[in-house]
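Colleague: need a structure here:
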Amino acid sequence: MENGKTELQTGDTLLIDEQSNPSSNDRHWVAALVQMNTEKKVSSLLSNLGYTNYVPTQTEIRQWSDRKKKIEKIVIPMVVFISVDKEEEKKLRKISYIYKFISYPGQKEPAVIPNEQIEKLKFMLHHADSAVEFSETVYEIGDEVEIVRGPLKGLYGELCYTEKGKPTVGVYVELLGYSYVNVDIKDVKRRE
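Modeller: As a prediction, this is how the structure comes out:
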């Protein structure tokens, strides 16, 4: 890899001849970790080898002082989803531009991602009016949360409901009920 470019290594070209039938019924999605800023190139290389793959992107309009431009923004940096069977999975481990497959903590086997989740992600990215972002934390209605950034930093209350990806934090005032405010999901954390 020179100047941020990914090159095929000698053993990588062997996969074209060795690849098993891509119409196998036991195919599943796995997430491969790749070098930063090479997601689209790796996707193209995998496609050339005959592998079905997916790089989540979303069209974004960037504003410069003199112009606007539409760009395809990578939504999950350094990740390429690949549809494989068990044999293909083993062969892909030998490819130089795939660092590793993402697995659950404490496990060696790649995490299997249900096809339904990939399809929902594609749908959301294609149809969303605003930027799609990821959060590792799963919040539930009724969770006690604290606002950790922004002008309301330090305020805590109860998660009342979510609307269009924005949680609404409510603060109960005795006899008056809840006052509430919409906040960015990145500005909220679950209170311990």
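Colleague: C-alpha from now on. contacts and neighbour counts both.
Modeller: Noted.
Colleague: could you list the low-pLDDT ranges of this structure?
Modeller: Residue ranges of the chain with pLDDT under 70: 1-25, 130, 135-137, 161-181.
Colleague: which residues of this protein fall in strands?
Modeller: Along the chain, the stretches classed as strands by DSSP state E are 28-34, 52-54, 57-63, 68-74, 79-84, 98-101, 144-147, 156-163, 166-173, 177-182, 188-190.
Colleague: other SSEs contacting the fifth one?
Modeller: For strand 79-84, the contact count by 3 or more C-alpha pairs under 8 Å, 6 or more residues apart in numbering; DSSP states H and E identifies strand 28-34, helix 39-48, strand 52-54 as packing neighbours.
Colleague: now do the first one against helix 39-48, angle only.
Modeller: It refers to strand 28-34. Going by axes from the mean of the first three to the mean of the last three C-alpha atoms, to 10 degrees, strand 28-34 is angled at 130 degrees with respect to helix 39-48.
Colleague: what angle sits between strand 28-34 and strand 79-84?
Modeller: On the basis of the same axes, to 10 degrees, strand 28-34 is oriented at 140 degrees to strand 79-84.
Colleague: change the start of the numbering to 764 and stick with it
Modeller: That works, and once the first residue is 764, the last one we named lands at strand 791-797.
Colleague: who does strand 791-797 touch, helix- and strand-wise?
Modeller: strand 842-847, strand 861-864.
Colleague: swap in the longest one?
Modeller: Packed against helix 802-811, as judged by 3+ C-alpha pairs under 8 Å, 6+ apart, are the following elements: strand 815-817, strand 842-847.
Colleague: buried set for it?
Modeller: 802-803, 805-806, 808-809 (16 or more other C-alpha atoms under 10 Å).
Colleague: so which of the residues you listed is the closest to R825?
Modeller: K803 (19.4 Å; C-alpha to C-alpha).
Colleague: which non-adjacent residue is nearest that closest one?
Modeller: V818 (6.9 Å; C-alpha to C-alpha, 6 or more residues apart in numbering).
Colleague: just I839 next, same as before
Modeller: Nearest to I839 is P819, by C-alpha to C-alpha, 6+ apart, at 6.6 Å.
Colleague: what's around the one you found, how many residues?
Modeller: 21 (other C-alpha atoms under 10 Å).
Colleague: tell me how far the residue most central in space within the chain lies from L918.
Modeller: Closest to where the C-alpha atoms of the chain average out (C-alpha atoms, centre = their mean) is I839, at 3.8 Å. Relative to L918, I839 is positioned 30 Å away (C-alpha to C-alpha, to the nearest Å).
Colleague: okay if I get the strands of the chain as CSV plus mean neighbour count and distance to I876?
Modeller: Listed next are these as CSV, based on neighbours: other C-alpha atoms under 10 Å; distance: least, C-alpha to C-alpha, whole Å:
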stretch, mean neighbour count, distance to I876
strand 791-797, 21, 5
strand 815-817, 18, 12
strand 820-826, 14, 18
strand 831-837, 12, 19
strand 842-847, 23, 9
strand 861-864, 17, 12
strand 907-910, 20, 29
strand 919-926, 18, 25
strand 929-936, 18, 26
strand 940-945, 14, 32
strand 951-953, 19, 26
